[in-house]
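1. Have a look at this fold, sequence not included:
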């Protein structure tokens, strides 16, 4: 540790230790910790924030349940920490659907999420519409599903199965989360950039860009609850979270720029964005150069493609390991609907729609562990939510997607149970749930354009693994969600594999 880093951490400790001690003393004196954080003079709710930062999502959920689904979190005086949290479906519908045009990402979002630039997730209004239109046109192209099928099955054959075969019967555990992240990264790079970086190999090569996606989630979460001056101090000293963010940004640039600029890349997605850039008004692309625009556009899509599928699959296999009856139901469905009982064969995107129970299992994984745990919005003018809470112009509203799936008022008393059956109608078809109740893919006009593609990929990967292997958790391995914007498993998903007869 350098002298600057030592001085910085000493400074932060001097600020944080006194309120932590006060909170610890009061909590022990009362004998229990109240669900609703106490608002103290000067320091606001900082003690509760610091005491519960190690399980932030569960604590926010506890508070929201106790307070009717919406609660205002207030930080220390002069720190500009005033966040309205909600998991109320009525509020979600109001913000993301009914009043979509009145809610933007907001100026605070641009500061917090500066690393994603001007891709589809970081922009509003005209530029967002151009991004969405361009991306949807590519995903709906007549040949896209064929291209997707070929890319997924090729990666399964050349990358996934060799790794799983190598670890079959071994005593050391395999981190299945790492496998899924590498698989999804390779696959989305093939679809967006037209090239497979081959990060999923037996030697598990280090790819700084691929690893950077996992590293930025926690700093992004902490940026929501730490004052901006603290980021600036870290950035100036090049320490802590801001050093992580700077290294991640450099890794993204080093990987993506050569593939989008001057590389002779012929990927359909890149060509579409290049055409969009040429046809847009100069103001629409915020003065970005073509290279910057293509980099930002690609980065957003890679973020979405890597983390949506890999996170969902990670939690799916963790949930199935604890619910063997659901695993059996998926296997029986694969036999009955696809004839996979004598010999394995790849199946098409159209055939994947027959796997209704597997679809329900994936939805349960997404309901309980949505890849993007929080959504950040801000009204362009003062507004009143259906819950009665007032929002000033550009005030930060945080929608907890994680909490929505754990609300008895939304999903019933069995909301914490893994029940794929809740997604199946009596007719045997998939049951539709409104996006404000199931916002794993966002809601309203900003609903993820790659939702159908994600389900196809996940069904293919999950089916291939379940058909060929028995997956069991390493004994004693603790699995819990990371305190991050992206809901990865904190210590990965360590499993033991053996061939399935």
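-> Good, I have the coordinates. Computed from a predicted structure; not experimentally measured.

2. And the strands in the stretch 351-500 of the chain?
-> 374-379, 383-384, 390-391, 396-400, 469-473, 494-499 (DSSP state E, counting those that start in this stretch).

3. what lines up beside the third one in the sheet?
-> For strand 390-391, sheet partners with direction are given as strand 383-384 (antiparallel), following DSSP bridges.

4. tell me the mean pLDDT for the strand it pairs with?
-> Computed over strand 383-384, the mean pLDDT rounds to 97.

5. hmm, back to that, ranking the strands of the stretch 351-500 of the chain by burial, who's on top?
-> strand 396-400 (a mean of 23; mean count of other Cβ atoms under 10 Å). Quick note: C-beta positions are derived from backbone N, CA and C, even for glycine.

6. gap between residue 171 and residue 474?
-> Distance, residue 171 to residue 474, by Cβ to Cβ, to the nearest Å: 10 Å.

7. Show me where this protein dips below the pLDDT cut-off.
-> 1-34, 262-266, 281-285 (pLDDT under 70).

8. if we can go back for a sec, now the strands of the stretch 351-500 of the chain in a markdown table, with distance to residue 487?
-> Below are the strands of the stretch 351-500 of the chain laid out as a markdown table (distance: least, Cβ to Cβ, whole Å):
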| stretch | distance to residue 487 |
| --- | --- |
| strand 374-379 | 9 |
| strand 383-384 | 28 |
| strand 390-391 | 26 |
| strand 396-400 | 11 |
| strand 469-473 | 18 |
| strand 494-499 | 18 |
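
9. Which of residue 171 and residue 474 has more residues huddled nearby?
-> Shown here are residue 171 and residue 474; by other Cβ atoms under 10 Å, residue 474 has more neighbours (16 against 6).

10. mind listing what the more buried one touches?
-> 173, 494-496 (Cβ atoms under 8 Å, 6 or more residues apart in numbering).

11. Tell me, how many residues neighbour residue 165?
-> 14.

12. re earlier: do you know which of the strands of the stretch 351-500 of the chain lies nearest residue 65?
-> Ranking the strands of the stretch 351-500 of the chain by distance to residue 65, with Cβ to Cβ as the measure, places strand 396-400 first at 10.8 Å.

13. Now do the buried residues in the helix or strand hosting residue 332.
-> Assessed by DSSP states H and E, residue 332 sits inside helix 324-338. For helix 324-338, burial by neighbour count (16 or more other Cβ atoms under 10 Å) applies to 326-327, 329-331, 333-334, 337-338.

14. For it, which outside residues touch it?
-> Outside helix 324-338, the residues that reach it (Cβ under 8 Å, 6+ apart) are 319-320, 340-341, 345, 347, 351, 354-358, 361, 418, 420, 462-463, 466-467.

15. angle of the helix or strand containing residue 177 against strand 469-473?
-> Assigned by DSSP H and E, residue 177 belongs to helix 176-193. With axes from the mean of the first three to the mean of the last three Cα atoms, to 10 degrees applied, the angle from helix 176-193 to strand 469-473 works out at 120 degrees.

16. ok, residue 443 touching residue 97?
-> Yes: contact criterion Cβ atoms under 8 Å: residue 443 and residue 97 qualify, at 5.9 Å.

17. Looking at these two, which one has more neighbours?
-> Neighbours per residue (other Cβ under 10 Å) separate residue 443 from residue 97, with residue 443 holding more: 24 against 16.

18. Now that one: phi and psi?
-> Here is the backbone geometry of residue 443 (degrees, to the nearest 10): phi -150, psi 160.

19. wait, what's in contact with it?
-> Per Cβ under 8 Å, 6+ apart, neighbours of residue 443: 92-93, 96-97, 434-436.

20. And those residues, which of them are buried?
-> 92-93, 96-97, 435-436.

21. wait, doesn't residue 374 sit right on residue 404?
-> No: applying Cβ under 8 Å, one finds residue 374 not in contact with residue 404, separated by 11.0 Å.

22. before we move on, the earlier item: redo the buried residues of helix 324-338 as a markdown table? Include distance to residue 452.
-> Converted to a markdown table, these look like this (distance: Cβ to Cβ, whole Å):
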| residue | distance to residue 452 |
| --- | --- |
| 326 | 23 |
| 327 | 24 |
| 329 | 23 |
| 330 | 20 |
| 331 | 24 |
| 333 | 19 |
| 334 | 20 |
| 337 | 18 |
| 338 | 19 |
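
23. pretty sure residue 216 is touching residue 115, no?
-> Yes: judged on Cβ under 8 Å, residue 216 makes contact with residue 115 at a distance of 6.2 Å.

24. Now list whatever residues contact both of these two.
-> 245, 248.

25. what's the spacing between residue 429 and residue 359?
-> Following Cβ to Cβ, the distance that separates residue 429 from residue 359 is 10 Å.

26. out of those two, which sits in the more crowded spot?
-> residue 359 (22 against 12).

27. so what's the nearest residue to that one once chain neighbours are set aside up against?
-> Spatial nearest neighbour of residue 359, excluding adjacent residues (Cβ to Cβ, 6 or more residues apart in numbering): residue 430 at 5.6 Å. Contact partners of residue 430, counting by Cβ under 8 Å, 6+ apart, are 356, 359-360, 423-424.

28. Ramachandran coordinates for residue 84?
-> When read as degrees, to the nearest 10, the backbone of residue 84 gives phi -100, psi 110.

29. do the one 4 residues further on as well
-> In terms of degrees, to the nearest 10, the main-chain angles of residue 88 are phi -80, psi 120.

30. ok so, going back, comparing residue 216 and residue 115, which shows the higher neighbour count?
-> Each of residue 216 and residue 115 has its neighbours counted (other Cβ under 10 Å); residue 216 has more, 24 against 17.

31. Distance check, that one against residue 197.
-> 18 Å.

32. same question, residue 386
-> 46 Å.

33. hmm, back to that, shared neighbours of residue 443 and residue 97, which are they?
-> Joint contacts of residue 443 and residue 97 (Cβ under 8 Å, 6+ apart) are 435-436.

34. With respect to residue 156, which of the strands of the stretch 351-500 of the chain lies nearest?
-> Here strand 469-473 is closest among those (Cβ to Cβ), at 12.5 Å.

35. quick one, the closest one and helix 324-338 angle?
-> Using the same axes, to 10 degrees, strand 469-473 lies at 160 degrees relative to helix 324-338.
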